[in-house]
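Q: Only the shape, not the letters, is given here:
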């Protein structure tokens, strides 16, 4: 974390090839203690960045997947109702005995009642959920809030307190503050526009599809044992696919999957046959496959980028 | 550095990158953390703190490059000393004038610094209009000491000896280079601070421009209009297509609460309230693309296209003589090609509302149920053919709401071959709508009022 270059190297060490911009954003996030909002199309390595950061820093990763209808009780905390129930029953029995000792006076009984510590809403009965777990990690952690754009606006507003002050308010207990602020990643696929308030509290990182050189590096690091020639060919094939007008352009994860598939198929270099057989790893829509298939040979023959 | 940062933030705001005070503070903290020795690092770090969407990142990059671009002066190198006489030969005014010294010595970095300082004194960064450019250039040059140079040149011209002539020539060329550089500087500043406000003004005018005006929309404005319409449709869709259920506190859902309570030995710990499902808008949009609405057709289709992109359940139809479904065309093509295709297929023919309604009722009537909102975009000019009010009434009876948006002003309705007043009786709303601004307001009203909540 000493410098951006060291960070790039460190991330490469755990298998994540970061561009300068990515590393700089991460560097700033750590030094300014701000959450980092990662955007980009599916499969460019948004979630992977958080995983790799956790691996690099040796911190635990706490992941929270967002979806429509996610609310506080699933994200932050919930009371252990069952135990609370048992507690009240025990309390009732004990109390009956104790209050009976107090004799008939109602005032005295009430005094005794107030004297008994109120444990009903207390930490032992608290069931921590991802956000609270992250705040309670003493040595810090990496908190990944995945696909925040899938959650509701209300939940987004609720996150603001956590993200800006690294604390949460629990009405029954008070404010719970993190000892060591976690490194927070939020990822978004841009299903909807996020609120300005949330964006303002975060650093922003947009991960674009990589250029050929970076993608070759990524493939080489993710698929050990792949030959340089094949890497070169497959990356330039994918790059030229991206220039076509497809419904879903292949992203990095598809490239990596494809490279693995090609290795499984024992392909030494790209030819029409192999590509046609394995095209469904790369393209996920019927129309896209139909559009690309007739052009495969031409695409392979294109001069290497 | 603080002054420069503030100017930069202002330039960013002018380029429509939203920078709030908190982000401004962040930017300063960033600079303090990374320093500005490494240009790339400085840029990336600022980008992470300031630009918050992919589009903003692009605009940030552009602004950064323009703002921190400093071209070096193209000055003639000074003649080697000794060849052309000693510096003592210079008139005393040259010694006195800093600017003349810098020009004659070819001191590029000092000139650049002097120019920045002069720009600050002349308040070049407060530029608003393109017509201010020449005046500000002049002011900046004066702040740098242009008058001194001019005096020296005038004095030297009178002397008429060879050395003075050489001095004049060199000063003249220096002055020319300086002027050019100053112009470029002011141009850049204009681009940074004012170009965007010009664009905003154009957008605003466009939003108010009547779309069925003579000649329709200027082709130059078309791209901007498409962007505007897209933004508008996205905003509307964001607001109205997301919420699917809304908690309605107050009504206890006894059945579900009892079932939940089983886990707690019959104690109703989890209390469950009845929720109300919010239906997502289900829209059928029917768009007239005939000759009489030719000017507005393109715009209406653009809106249809954008709405189709952002609303999940929408069926789009277009008609002039006959009616066709344009859903597939819109799904498969980019906006320009989709519009061209639609217009090529059925555009600009004789309008026949009756026939088109017949087509619709024959083929697509089953798509309309009590959840559907029907939006009709057209001028209701049916060329004196039978408007088939009966079919229109059938559609109206089946749908939840019938909305008619007419690009003509209300005073034209019912005149000539317009049968707007006859259709109007069967519409829940019928409104004139011929500017982008109006369209957005009406659609928003429509969605709020007539889309089930």
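A: Thanks, I have the structure now. Since we're looking at a predicted model, the values are computed, not measured. Residues are numbered from 1 along each chain as shown, chains lettered A, B, ... in the order given.
Q: what's the residue lying closest to residue A:297 once chain neighbours are set aside in contact with, if anything?
A: Distances taken as CB to CB, 6 or more residues apart in numbering or on different chains place residue A:272 nearest to residue A:297, at 5.0 Å, with adjacent residues excluded. Where you see a C-beta, it was placed from the backbone N, CA and C, and this is true even at glycine. If a contact means CB atoms under 8 Å, 6 or more residues apart in numbering or on different chains, then residue A:272 has A:296-297, A:300 as its contacts.
Q: Of the residues you listed, keep whichever come out buried.
A: A:296, A:300 (16 or more other CB atoms under 10 Å in any protein chain shown).
Q: quick one: which of the contacts of residue A:272 is nearest to chain B?
A: Checking those against chain B by CB to the nearest CB gives residue A:296 as the nearest, at 22.0 Å.
Q: Over to that closest one. Which of the three states is it?
A: Secondary structure assignment for residue A:296 (DSSP: H, G, I helix; E, B strand; the rest coil): helix.
Q: interface residues of chain B facing chain A?
A: Within chain B, the positions near chain A by CB under 8 Å from any CB of the partner chain are B:18, B:20, B:22-23, B:26, B:29-30, B:33-34, B:40-41, B:44-45, B:47-49, B:51-54, B:56-57, B:234, B:238, B:242-245, B:263-265, B:267, B:269-270, B:334.
Q: Mind doing that once more with 7 Å?
A: B:20, B:22-23, B:26, B:29-30, B:33, B:40-41, B:44-45, B:48-49, B:51-52, B:54, B:57, B:238, B:242, B:264-265, B:267, B:269 (CB under 7 Å from any CB of the partner chain).
Q: Can you name the residue of the stretch 251-400 of chain B nearest to chain A?
A: residue B:269 (4.4 Å).
Q: ok, the closest residue to that residue other than its chain neighbours - how many residues close by?
A: In space, and not counting its chain neighbours, residue B:269 is closest to residue A:81: 4.4 Å by CB to CB, 6+ apart. Applying other CB atoms under 10 Å in any protein chain shown, we find 17 residues neighbouring residue A:81.
Q: which outside residues touch stretch A:174-191?
A: Residues external to stretch A:174-191 that are found in contact with it (CB atoms under 7 Å, 6 or more residues apart in numbering or on different chains): A:29-30, A:33, A:35-39, A:42, A:46-47, A:49-50, A:53, A:134-135, A:137-150, A:163, A:166-170, A:194, A:202.
Q: among those, which are in reach of chain B?
A: Counting by CB under 7 Å from any CB, residue A:39 from the contacts of stretch A:174-191 sit close to chain B.
Q: Specify the local secondary structure of the residue of the stretch 251-400 of chain B closest to chain A.
A: coil.
Q: The one 5 residues further on too?
A: Using three-state DSSP, the three-state assignment for residue B:274 comes out as strand.
Q: any idea which helix or strand comes after the helix or strand bottoming out on mean pLDDT in chain A?
A: In chain A, no helix or strand scores lower on mean pLDDT, DSSP states H and E than helix A:106-115, which sits at a mean of 76. Using DSSP states H and E, the helix or strand that directly follows helix A:106-115 along the chain is strand A:126-128.
Q: Residue A:284: neighbouring residues, count only.
A: Count around residue A:284 with other CB under 10 Å applied: 15.
Q: Distance check, the nearest residue to it once chain neighbours are set aside against residue A:209.
A: Using CB to CB, 6+ apart and skipping residues adjacent in sequence, the residue nearest residue A:284 is residue A:248, 5.6 Å away. Counting by CB to CB, to the nearest Å, the gap from residue A:248 to residue A:209 is 12 Å.
Q: Looking at the two, which one has more neighbours?
A: The neighbour comparison of residue A:248 against residue A:209 (other CB under 10 Å) goes to residue A:209, with 18 against 14.
Q: The more buried one: what's it in contact with?
A: Counted by CB under 7 Å, 6+ apart, residue A:209 has contacts A:44, A:242, A:251.
Q: Try it again at 10 Å.
A: A:40-41, A:43-44, A:215, A:238-239, A:242, A:249-252, A:255 (CB atoms under 10 Å, 6 or more residues apart in numbering or on different chains).
Q: Quick one, which of those are buried?
A: Those of the contacts of residue A:209 that meet the buried threshold are A:40-41, A:43-44, A:215, A:238-239, A:249-252, A:255, by 16+ other CB under 10 Å.
Q: Contacting chain B as well, which ones from those?
A: The subset of the buried ones among the contacts of residue A:209 within reach of chain B, by CB under 10 Å from any CB of the partner chain, is A:40-41.
Q: Quickly name whichever of the buried ones among the contacts of residue A:209 is closest to chain B.
A: Comparing those against chain B with CB to the nearest CB places residue A:40 closest, at 8.2 Å.
Q: any idea of the pLDDT on that closest one?
A: For residue A:40, the model assigns a pLDDT of 86.
Q: ok so, going back, okay, and which of the residues of chain B next to chain A map to helices?
A: B:22-23, B:26, B:29-30, B:33, B:40-41, B:44-45, B:48-49, B:54, B:57, B:238 (DSSP state H).
Q: Mind giving me the PyMOL command for buried ones among the residues you listed?
A: Buried residues within these, by 16+ other CB under 10 Å, are selected in PyMOL with:
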select buried, chain B and resi 23+26+30+41+44+45+48+49+57
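Q: List just the nearest of the ones in helices among the residues of chain B next to chain A to residue B:177.
A: residue B:40 (30.1 Å; CB to CB).
Q: For that closest one, give me its contacts.
A: A:4, A:20-21, A:24.
Q: If we look just around chain B, which residues of the stretch 151-300 of chain A are in range?
A: Counting by CB under 10 Å from any CB, the residues of the stretch 151-300 of chain A near chain B are A:152-154, A:164, A:190-194, A:196-208, A:245, A:247, A:287.
Q: Repeat the analysis, applying 8 Å as the threshold.
A: Looking at chain B, the residues of the stretch 151-300 of chain A close enough under CB under 8 Å from any CB are A:152-153, A:192-193, A:196, A:199-206, A:245.
Q: In a strand, residue A:185, correct?
A: Yes: assessed with three-state DSSP, residue A:185 lies in a strand.
Q: Count the neighbours of residue B:405 for me.
A: 26.
Q: residue ranges for the helices of the stretch 151-300 of chain A, please.
A: Taking DSSP state H, counting those that start in this stretch, the helices of the stretch 151-300 of chain A run over residues A:153-165, A:196-201, A:212-222, A:228-243, A:252-264, A:272-282, A:286-292, A:296-301.
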